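[1] any chance you could fold what I've pasted below:
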Amino acid sequence: MVYYLIICRSLTYAQRTAAVLERAGITARILRSPKSIAGEGCSHAVKVSERRLAEALVLLNRAELKPKRVYITEEDGSYREVGL
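    Modelled structure (predicted):
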């Protein structure tokens, strides 16, 4: 299953991100960022389905919650950064 990870700078930021998406009817799950993409220290991510990413990014922009980075899962389970 293909999905996107919206990388957030903190747990609180991830919680706010997920809340905005959930209020709009988009399923959003908070998790720790995988080590391969976490970068500097530990960060948290919000997982959203492939078909809901565009809508999610519009909602987050309106709420002034800009993601640090966004990654898509590859077929082999690896991650690739998506330009915003």
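[2] look up phi and psi at the residue located most distally from the centre of the chain.
    The outermost residue of the chain relative to its centre, with distances by CA atoms, centre = their mean, is Asp76 at 19.2 Å. The phi/psi pair for Asp76 (degrees, to the nearest 10) reads phi -90, psi 0.
[3] kindly report the same for the one 5 residues further on.
    In this entry, Glu81 is assigned phi and psi values of phi -70, psi 140 (degrees, to the nearest 10).
[4] tell me the contacts of Ile37?
    Under the criterion of CB atoms under 8 Å, 6 or more residues apart in numbering, the contact list for Ile37 reads 5, 7, 69, 71, 79, 81. The way it works is simple: take the backbone N, C-alpha and C, and place the C-beta from them, glycine included.
[5] who's in contact with the fifth one?
    With contacts defined as CB under 8 Å, 6+ apart, Tyr79 is in contact with 5, 34, 36-37, 71-73.
[6] rerun at 10 Å
    Counting by CB atoms under 10 Å, 6 or more residues apart in numbering, Tyr79 touches 4-5, 33-34, 36-37, 45, 69, 71-73.
[7] again with Arg69
    Contacts for Arg69 were tallied using CB under 10 Å, 6+ apart; they are 5-8, 33, 37, 39, 43, 45, 79, 81-84.
[8] pLDDT below threshold where in the protein?
    Scanning the chain for pLDDT under 70 picks out 39-42.
[9] quick one: the strands in the chain?
    Using DSSP state E, the strands of the chain run over 3-8, 29-32, 44-49, 69-73, 79-82.
[10] relative to Asn61, how far out is the closest residue to Met1 other than its chain neighbours?
    Leaving out its chain neighbours, the residue that sits closest to Met1 by CB to CB, 6 or more residues apart in numbering is Thr73, at 7.7 Å. To Asn61, Thr73 is 23 Å away according to CB to CB, to the nearest Å.
[11] other SSEs contacting the helix ranked longest in the chain?
    The single longest helix within the chain, with elements called by DSSP state H, is helix 11-23. Judged by 3 or more CB pairs under 10 Å, 6 or more residues apart in numbering; DSSP states H and E, the packing partners of helix 11-23 are strand 3-8, strand 29-32, strand 44-49, helix 53-62.
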